[in-house]
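> okay, here's the prediction I keep looking at, along with the sequence it came from:
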Amino acid sequence: MVELLKSERTSTTDRERRVAEFNWTLFRKAVSLNGPTDVALTFADYIHIDNRDARRFEQLNEETLRFIEELECVASAPVSLIATRFDHRSIIDRRTW
């Protein structure tokens with residue numbers, strides 16, 4: 001987390017970016033209000049640095065896989081898109097269409 005806090009800077013003003021822990025209460029509220037059919041997870045590399053190298057779902061670390069499983073359980077919807085770093089080619093697409 002310390003490395004993350006040091007590296008997260010805003011693009012325009014180069015100020016430190018606010019980074020917070022995932023808020024399950026807000027997620028549950030958003031799910032109840034929006035009724036999602038799919039979930040997109042960004043910043044999977046924040047969960048674990050090894051996720052930056054993942055290009056397939058199976059390459060994500062165990063902690064991330066458990067987190068995704070919990071998200072899907074709470075949302076009653078699949079996590080279909082997973083961004084592993086800030087690059088358009090670093091998106092794992094789990095959709096079947």
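Looks like it arrived, so ask away. Numbering: from 1, shown residues only.

> and the strands in this protein?
Applying DSSP state E to the chain gives strands spanning 39-41, 79-83, 91-93.

> out of those, which gets nearest to Asn51?
Distance to Asn51, taken as CB to CB, is lowest for strand 79-83 among the strands of the chain, at 8.5 Å. C-beta here means a position set from N, CA and C on the backbone, and glycine is covered the same way.

> check contacts around the residue of the chain most remote from its centre.
Within the chain, the residue lying farthest from the chain centre (CA atoms, centre = their mean) is Thr13, at 24.6 Å. Thr13 makes no contacts at all, as judged by CB atoms under 8 Å, 6 or more residues apart in numbering.

> next: Glu72.
For Glu72, the contact set (CB under 8 Å, 6+ apart) comprises 39, 78-79.

> need those in CSV (columns: neighbour count and pLDDT).
CSV is the format used below for those (neighbours: other CB atoms under 10 Å; pLDDT from 0 to 100):
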residue, neighbour count, pLDDT
Val39, 19, 97
Pro78, 16, 97
Val79, 20, 98
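
> among these, which one sits closest to Tyr46?
Val79 (14.9 Å).

> the closest one and Ile68, how far apart?
Note on Val79: its distance to Ile68, by CB to CB, to the nearest Å, is 5 Å.

> which residues are common contacts for those two?
Both Val79 and Ile68 are contacted by Leu41, under the criterion CB under 8 Å, 6+ apart.

> related to what we said a few turns ago, pick the most deeply packed of the strands of the chain.
strand 79-83 (a mean of 18; mean count of other CB atoms under 10 Å).
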